[in-house]
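>>> Predicted coordinates and the sequence they were generated for:
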Amino acid sequence: MGPNFSTSSSNWFIGSFAILHFLVVSIAGLGPLIVYLMEGSALKNNNSELRKLGKQILTIISELAAAGGILGSGVVIALVGLRPMPITLVFNIFFWFIVFQLVCFIAGISFTFAYYFSWEKQTRNHRTWGLLASIFPLIPYIVFSAAVSFITTPGNWPVTGNVWQAVFNPSMIVSLLHRAGAGVSLLGVLIIALHIFRVKKTESDEKAYHQYAVKFGSKLALRALEAQVLIGIIRYFFVSEEGKKMISGGSLTAIWSVGILAGLVAWAFLFFSSRKKELTNGTTFFLAALIPVVLAVSLMGITRSKERGEFSIRGVMTRMDEIVTVPVAYQAGGAKTGESIFKENCGACHPGLAGDAFALAKLRHPVPVELATYLRDPSAYNKAMPPYKGPLEDMKALIAYLLDIPLEQVKIE
């Protein structure tokens, strides 16, 4: 028997894990593109300091990409174990996109290493490797953003069942841009954190390099924060009406406001410190820039999660894993049969990560009475599956369909 987490504790566990994963992926997903652009500018303007900084960031990105893959696997395992119903439905909808994402993730890591190891040699294909290394990591980033924004704003998918409407849901683009702003601002404060404490500990050329890196990181974070705060405000108009009520005067007002305020605090500090001749000390940078940026990104993530209210997937599935509505494409027309009942109540998750329902039914509950008991109360068998609450005749038709036996053989009460 696995661990018995409450809904609240499982949400906090998954949320903390997911935020850590997002912080890593935001840098690893967008970092190669930033590095590619940095190197292009450095080569054009013969800026050795910028190119040196680019290689340092590329080194870190290579490590973060591997860490992001491990954390991503951990998030998926946690989600499947703690919230199997919503994650199964999302996986079924985005299945081929997720497969494509994994292929691009592997290709992205390969091209990133090729880009890194050809950095000093400047081989003929070096910039080509860099271009490919910057493009492929963006695909998992886009798919991730589409899937996460779908659970908040599924749009017309519950009506049409069209996978493209699930991908390009109402908040997909604005959420993608918001996450991109967060990712670039995180990269900027990472550059600051790597160099700010070294400025006073080194001399001459090295000191000048660290000063340059801090100023570059400040400018990068400053521009990204401007976009992030602006898009964060714009995103308000793309959430559901219930979500708007929660943000404006509801339970999420404080979280959302503090997130915006933290971003503004970091922006104000970076704006005024960038105009000083002397760099601010490292501790002040850490407290006034790095912590507020991480706080802003984290609180915005919490807001996106909690604005779904009672839903795991808004309008589709509650946080108690009860299906509210299923697309017509998932249902069979005409009179209710075992097949139509199955598609309406079970088709969202079977087949898929939840497994082959027919094989599982025949293997574990081959007797109709046993299967009926299981379907009425799966939690008694430690299964996170919603109970079937349909009428008796529908239950009989469903059991006959699952066990592939004549309806007359289903003797249940």
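Here it is on my side, so go on.
>>> Which strands or helices does the helix or strand encompassing residue 60 pack on?
Here residue 60, judged by DSSP states H and E, is contained in helix 48-82. Helix 48-82 sits against helix 7-45, helix 84-93, helix 95-117, helix 172-195, helix 204-235, with contacts defined as 3 or more CB pairs under 8 Å, 6 or more residues apart in numbering; DSSP states H and E. All C-beta spots, glycine's among them, are computed from the backbone N, C-alpha and C.
>>> Throw the ones you listed into TSV and include mean neighbour count and mean pLDDT, thanks.
Output for the helices and strands packed on helix 48-82, formatted as TSV (neighbours: other CB atoms under 10 Å; pLDDT from 0 to 100):
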stretch	mean neighbour count	mean pLDDT
helix 7-45	19	74
helix 84-93	21	82
helix 95-117	17	91
helix 172-195	23	88
helix 204-235	19	86
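>>> Distance to residue 315 for the ones you listed - can I get that in JSON lines?
Compiled in JSON lines, those are given as follows (distance: least, CB to CB, whole Å):
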{"stretch": "helix 7-45", "distance to residue 315": "19"}
{"stretch": "helix 84-93", "distance to residue 315": "13"}
{"stretch": "helix 95-117", "distance to residue 315": "21"}
{"stretch": "helix 172-195", "distance to residue 315": "16"}
{"stretch": "helix 204-235", "distance to residue 315": "19"}
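>>> Which among those is found nearest to residue 383?
Of all the helices and strands packed on helix 48-82, helix 84-93 sits nearest to residue 383, with 8.6 Å by CB to CB.
>>> Can you check what angle separates that closest one from helix 95-117?
If you take axes from the mean of the first three to the mean of the last three CA atoms, to 10 degrees, helix 84-93 sits at 80 degrees to helix 95-117.
>>> so which strand or helix has the residue lying closest to residue 226 once chain neighbours are set aside?
In space, and not counting its chain neighbours, residue 226 is closest to residue 267: 6.6 Å by CB to CB, 6 or more residues apart in numbering. Using DSSP H and E, the element containing residue 267 is helix 253-273.
>>> Which of the helices and strands packed on helix 48-82 sits closest to residue 342?
Nearest to residue 342, of all the helices and strands packed on helix 48-82, is helix 84-93, at 14.5 Å by CB to CB.
>>> helices or strands up against that closest one?
Helix 84-93 packs on helix 48-82, helix 138-152, strand 311-313, strand 317-318, going by 3+ CB pairs under 8 Å, 6+ apart.
>>> run the last query once more with 10 Å
Helices and strands touching helix 84-93, by 3 or more CB pairs under 10 Å, 6 or more residues apart in numbering; DSSP states H and E, are helix 48-82, helix 138-152, helix 163-167, strand 311-313, strand 317-318.
>>> Report the angle between the longest one and helix 84-93.
Here helix 48-82 runs at an angle of 120 degrees relative to helix 84-93 (the same axes, to 10 degrees).
>>> how distant is helix 48-82 from the center of its chain?
Taking CA atoms, centre = their mean, to the nearest Å, one finds helix 48-82 lying 14 Å from the centre of the chain it belongs to.
>>> does residue 244 sit in a helix, a strand or a coil?
Of the three states, residue 244 takes helix according to DSSP: H, G, I helix; E, B strand; the rest coil.
>>> For it, which residues are in contact?
Neighbouring residues of residue 244 by CB atoms under 10 Å, 6 or more residues apart in numbering: 236, 237, 238, 250, 252, 307.
>>> pLDDT check: weakest of the residues you listed?
Lowest pLDDT among the contacts of residue 244: residue 307, with 79.
>>> dump the residue contacts of the nearest residue in space to that one that is not next to it in sequence.
Nearest in space to residue 307, with sequence neighbours left out and distances taken as CB to CB, 6+ apart, is residue 243 at 3.7 Å. Neighbour list for residue 243: 152-153, 171, 235-236, 250, 252, 303-304, 306-309, 314 [criterion: CB under 10 Å, 6+ apart].
>>> So among the residues you listed, which ones count as buried?
In these, burial by neighbour count holds for 152-153, 171, 235-236, 252, 303-304, 306-309, 314, counting by 16 or more other CB atoms under 10 Å.
>>> For those residues, name the two members farthest from one another.
Between any two of the buried ones among the contacts of residue 243, the greatest separation by CB to CB is 16.8 Å, found for 235 and 309.
>>> Looks to me like residue 351 is in a helix.
No: assignment of residue 351 by three-state DSSP gives coil, placing it outside any helix.
>>> Check the offset of stretch 308-324 from the chain's centre.
Computed by CA atoms, centre = their mean, the chain-centroid distance of stretch 308-324 equals 18 Å.
>>> and what of stretch 242-261?
That offset, for stretch 242-261, works out to 21 Å (CA atoms, centre = their mean).
>>> again, but for stretch 179-193
Centroid displacement of stretch 179-193 relative to its chain, using CA atoms, centre = their mean, is 17 Å.
>>> confidence score at the nearest residue to residue 366 once chain neighbours are set aside?
Of all residues not flanking residue 366 in the chain, residue 403 sits nearest, at 6.7 Å (CB to CB, 6+ apart). pLDDT, residue 403: 89.
>>> just residue 138 next, same as before
Per-residue pLDDT puts residue 138 at 91.
>>> who touches it in this structure?
Counting by CB under 10 Å, 6+ apart, residue 138 makes contact with 29, 30, 32, 33, 104, 108, 176, 180.
>>> Need those residues in CSV (columns: distance to residue 394).
Below are the contacts of residue 138 laid out as CSV (distance: CB to CB, whole Å):
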residue, distance to residue 394
29, 46
30, 50
32, 53
33, 53
104, 43
108, 48
176, 42
180, 47
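>>> out of these, which one sits closest to residue 339?
Closest to residue 339, out of all of these and judged by CB to CB, is residue 104, at 36.5 Å.
>>> Now for the contacts of residue 244: which two are most distant?
Greatest spatial distance among those (CB to CB): 238 and 250, at 16.9 Å.
>>> that older thread, and the helix holding residue 60 with helix 204-235, angle?
Relative orientation of helix 48-82 and helix 204-235, computed by the same axes, to 10 degrees: 50 degrees.
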